[in-house]
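*Asks:* sequence first, then the predicted structure, then my questions.
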Amino acid sequence: MQLGLVLVLFILLVIVTCVGNYIVPGSKEDATITGSKGFIMQNRTSNYNFVSTAFSGDFESPGPSANIVTPGGNYRFEVVAKPFYQTTRAVAQYAVYTTEGRTIGALSLTFETRNSGLDARLLVGKPISMTSEASNYKGVIYVTLGDKPPSA
């Protein structure tokens, strides 16, 4: 009976060692468990192009590429999500132009995740001629940027 238990434990040890990422003690590799949280920017303006100018922070590798989001377009960001109560933050900055090329202003999106991505927060800095709304659908945060309605 005792020999059988030792054999089973040995087999389990071999399986875990082979399947898992084995890190040599003292190595410089990071042994933390991470995931990511998705954020999608939606351009629902009638005539504004968003041209990326800078990305910084904890974006999932390799990070966002330079992009232009035209009216009706989308762009997806993946931000690193660390376990427990570690906060990660990533910032995407855009210049906002009319479709005719006139400068309107700047757009800044700050994405924060905490608690393995279960808690997420979005901060939006935008031109006054635009609106923003955030929603959560199937674990992905959508930020919708649109035209400000005319004043009555």
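*Replies:* Okay, I see it. None of these values were measured; they are calculated from a predicted model. Numbers count the residues shown, from 1 in each chain.

*Asks:* where does the nearest residue to Leu109 once chain neighbours are set aside sit: helix, strand or coil?
*Replies:* Of all residues not flanking Leu109 in the chain, Ala92 sits nearest, at 4.6 Å (CB to CB, 6 or more residues apart in numbering). For glycine as for every other residue, the C-beta is placed from the backbone atoms N, C-alpha and C. The local conformation at Ala92, judged by DSSP: H, G, I helix; E, B strand; the rest coil, is strand.

*Asks:* what distance do you get for Ser132 to Tyr142?
*Replies:* 11 Å (CB to CB, to the nearest Å).

*Asks:* and the helices in the protein, which stretches?
*Replies:* 2-19 (DSSP state H).

*Asks:* can you map out the strands along it?
*Replies:* 35-44, 48-57, 68-69, 74-81, 87-98, 103-114, 119-125, 130-137, 140-147 (DSSP state E).

*Asks:* about what we covered before: the residue nearest to Leu109 contacts Thr53, doesn't it?
*Replies:* No. Between Ala92 and Thr53 there is no contact under CB atoms under 8 Å: 9.0 Å.

*Asks:* good, we can wrap up now.
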